[in-house]
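**Student:** 3D, please:
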Amino acid sequence: MQKDYKKLLPSLNIYEIVIGKSIVNKIKKKQTLLQHQVKEGLKLATRQSVDQLLQQCEDAINLAQEQYKQAATQEHYTDGDFTNALQALEDAYNDLAKLAFSANAQQRDQLHRMRLQLQNVQNNMILLDH
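**Tutor:** Numbering: from 1, shown residues only. Just a heads-up that it's a prediction; the model follows:
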């Protein structure tokens with residue numbers, strides 16, 4: 001008795017039959033992410049956009065280090081500025097993560113190194129007993 005496979009095919013996507021459902025799901029997720037990025041208007045990272053973001057990160061690090069020094073000596077007198085510096089670090093970190101999606105390999109390496117610096121300063125500030 002032969003099975004009628006043509007009746008089964010409409011319920012299955014041909015790609016799911018050939019390469020497996022789990023791989024298809026991964027591909028669909030990747031496509032969804034790419035479609036979302038296109039809708040958001042993400043473009044390739046330019047050298048200027050990377051440089052501007054790296055400068056923003058350096059400014060946030062400088063502000064945070066200044067607040068760290070003040071907090072270490074003055075304790076609770078500058079909590080608002082200390083919190084603002086932490087927020088600037090977090091904002092810069094999030095901007096780095098966004099830009100990394102559209103960066104080339106060299107730019108991703110630069111952004112990764114800056115992200116490590118941001119994390120180091122954040123950790124120091126969080127661990128400061130002030």
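
**Student:** contacting residues for Leu99?
**Tutor:** Neighbouring residues of Leu99 by Cβ atoms under 8 Å, 6 or more residues apart in numbering: 45, 49-50, 53, 107, 111. Yep, even glycine has a C-beta here, placed from its N, CA and C like the rest.

**Student:** I meant to write Ala45 there.
**Tutor:** Contacts of Ala45 (Cβ under 8 Å, 6+ apart): 99, 102-104, 107.

**Student:** Mind giving me the packing neighbours of the helix or strand encompassing Gln55?
**Tutor:** Gln55 belongs to helix 47-74 when assigned by DSSP states H and E. Judged by 3 or more Cβ pairs under 8 Å, 6 or more residues apart in numbering; DSSP states H and E, the packing partners of helix 47-74 are helix 79-100, helix 105-127.

**Student:** Can you check which of those helices gets nearest to Tyr68?
**Tutor:** helix 105-127 (5.5 Å; Cβ to Cβ).

**Student:** So which elements touch the closest one?
**Tutor:** Looks like helix 105-127 contacts helix 47-74, helix 79-100 (3+ Cβ pairs under 8 Å, 6+ apart).

**Student:** Please work out the average pLDDT along that helix.
**Tutor:** For helix 105-127, mean pLDDT rounds to 94.

**Student:** Also stretch 73-93?
**Tutor:** Computed over stretch 73-93, the average pLDDT equals 83.

**Student:** Noted, bye for now.
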